[in-house]
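Undergrad: Fold the stuff below for me.
(one chain, ligands or ions: 2)
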Amino acid sequence: MKNYLVTGGAGFIGANFVKYLLKKHSDIQIVVLDDLTYAGNLGTIKDDLADPRLSFVKGNITDSAVVASIFEKQPIDLLINFAAESHVDRSIENPQLFLQTNILGTQNLLDTAKKYWTTGKDENGYPIYREGVKYLQVSTDEVYGSLGETGYFTETTPLDPRSPYSASKTGADLIVMAYSETYKLPVNITRCSNNYGPYHFPEKLIPLIINNILEGKKLPVYGDGSNVRDWLYVEDHCKAIDLVALNGRTGEVYNIGGHNEKRNIDIVRLTIATIRRLMEENPAYKKALKSPSSDDISWINDNLITFVKDRLGHDQRYAIDPAKITRELGWYPETRFEDGIVKTIRWYLENQDWVKEVTSGEYQHYYEEMYGNR
Ligand code: NAD
Ligand code: TYD
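TA: Ligands and ions are numbered 1, 2, ... in the order given. Predicted structure coming up:
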């Protein structure tokens, strides 16, 4: 049996990962540690918490007493760290919180894992660890910086972060590698491209666009919309993390990406067209519209797009070369973007209660500050 500690398990990818683990493996125990920031929502894993294999602790990854108390209660084998401040725009407004959570939080998790996993010392003074333990850091392709029109990020691409968010994730990666070298702690780092799918908080591009269409609002595209992201369906990402956690070579970095490069403007246009098509095919979906709530949906068109001031230091293009994880672990992205985006949009149309829950409160204030009344 494996005991997992999943931090950030009430957020977008962490919650999808918890659901994936519960479906995939029977002989496991999972503790989720999450501080339930604006991005964390216990409702996302409410039904899963009825499963006796899953338990929840509310707490901050920077709090050493909280993390230690989890290791005291059960013998954790695999620590998967999703917890992070994850939004580039917010990092531009408040960099310090990103450094605290993403760097110091990671260091606190590493220290606690090292302490509880150590069983002795070898003749050179390196710690010896309990069999089968591993720390997995969920990182991002943004640590590699920005690409021009050609080329891909590989695991050996030099780290060159540009935003406070990506700089904090890079800092965390370097600390993880330092623990691997200095203390021989068994670790992996995964670096994935932009995820999309169910339970994505609507401050990120795809869910924000869906949500704005349903609210009859303008669709803000930064700059000229030519920036490129490499989109990965969240379940494909979860599968990759599971493979790396169980079979990845210790000390290695694995890039996870979908070969699904799209310009932002094309994503926005496709989302508009897909929502309209789904509503035309199934008029019951129109119930998800907040305003205007008429039967005529001809207003759902590209005229909703508004080009707004560009993000400061906006990275132009991300694109992952996933050859290493494919070669070593047999992983490949199973979901074609054309299918994944339809599944995602359907999910939002059918789960407006979840959207309402996460967008009440702090979200309204954030949206006003970021976008005004556009
Ligand atoms: P998210 O913002 O949706 O969720 C983050 C979760 O962490 C939330 O539940 C939040 O409550 C929790 N959290 C934040 N600070 C915490 C703290 N100090 N202590 C405990 N819990 C805390 O993020 P996500 O999109 O699910 O991303 C998960 C991880 O994947 C992050 O590390 C992120 O950097 C990385 N990542 C995300 C993407 C993406 O496209 N979403 C791409 C690459 C990498
Ligand atoms: P985002 O989802 O914030 O992810 P990241 O910045 O980590 O890649 O943004 C994805 C792309 O979409 C990015 O190039 C910025 C752009 N974007 C917009 O054009 N408008 C928006 O309202 C948002 C949130 C993002």
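Undergrad: what stretches of the stretch 251-374 of the chain score poorly on pLDDT?
TA: By pLDDT under 70, the weakly predicted segments of the stretch 251-374 of the chain are 292-294, 363, 373-374.
Undergrad: The residue in it that ligand 1 sits nearest to: neighbouring residues, count only.
TA: Residue of the stretch 251-374 of the chain nearest ligand 1, by CB to the nearest ligand atom: residue 256 (8.7 Å). C-beta coordinates here come from the backbone N, C-alpha and C atoms, glycine included. Residue 256 has 27 neighbours, counted by other CB atoms under 10 Å.
Undergrad: need the helices for the stretch 251-374 of the chain, in chain order.
TA: 264-281, 323-329, 337-350, 352-359, 362-371 (DSSP state H, counting those that start in this stretch).
Undergrad: what's the closest of the ones you listed to residue 203?
TA: helix 362-371 (6.5 Å; CB to CB).
Undergrad: Get me the contact residues on the protein for ligand 1.
TA: 7-8, 10-14, 34-37, 39-40, 60-62, 82-86, 101, 105, 138, 140, 169, 192, 194-195, 201 (CB under 6 Å from any ligand atom).
Undergrad: switch to 5 Å and redo it
TA: Residues of the chain found near ligand 1 (CB under 5 Å from any ligand atom) are 8, 10-13, 34-35, 37, 39-40, 60-61, 82-84, 86, 101, 138, 140, 192, 194-195.
Undergrad: Report the entries of these that also contact ligand 2.
TA: Answer for the residues of the chain next to ligand 1 near ligand 2: none qualify (CB under 5 Å from any ligand atom).
Undergrad: Quick one, which of these are buried?
TA: Among the residues of the chain next to ligand 1, those classed as buried by 16 or more other CB atoms under 10 Å are 8, 10-13, 34-35, 37, 39-40, 60-61, 82-84, 86, 101, 138, 140, 192, 194-195.
Undergrad: Let me have the helices of the stretch 251-374 of the chain in JSON lines, adding mean neighbour count and distance to residue 52 as columns.
TA: As requested, these are exported to JSON lines (neighbours: other CB atoms under 10 Å; distance: least, CB to CB, whole Å):
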{"stretch": "helix 264-281", "mean neighbour count": "17", "distance to residue 52": "37"}
{"stretch": "helix 323-329", "mean neighbour count": "16", "distance to residue 52": "30"}
{"stretch": "helix 337-350", "mean neighbour count": "18", "distance to residue 52": "27"}
{"stretch": "helix 352-359", "mean neighbour count": "16", "distance to residue 52": "24"}
{"stretch": "helix 362-371", "mean neighbour count": "13", "distance to residue 52": "32"}
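Undergrad: for those, which one sits closest to ligand 2?
TA: Relative to ligand 2, the nearest member of these by CB to the nearest ligand atom is helix 264-281, separated by 4.5 Å.
Undergrad: quick one: the closest one to helix 337-350, angle?
TA: 60 degrees (axes from the mean of the first three to the mean of the last three CA atoms, to 10 degrees).
Undergrad: Could you list the residues in contact with helix 264-281?
TA: With contact meaning CB atoms under 8 Å, 6 or more residues apart in numbering, helix 264-281 is reached by 205-206, 209-210, 213-214, 219, 221-222, 224-229, 231, 262, 285-286, 297, 300-302, 304-305, 341-342, 345-346, 349.
Undergrad: ok, the residue of the stretch 251-374 of the chain closest to ligand 1 touching residue 189?
TA: No. Using CB atoms under 8 Å, residue 256 makes no contact with residue 189, being 10.7 Å away.
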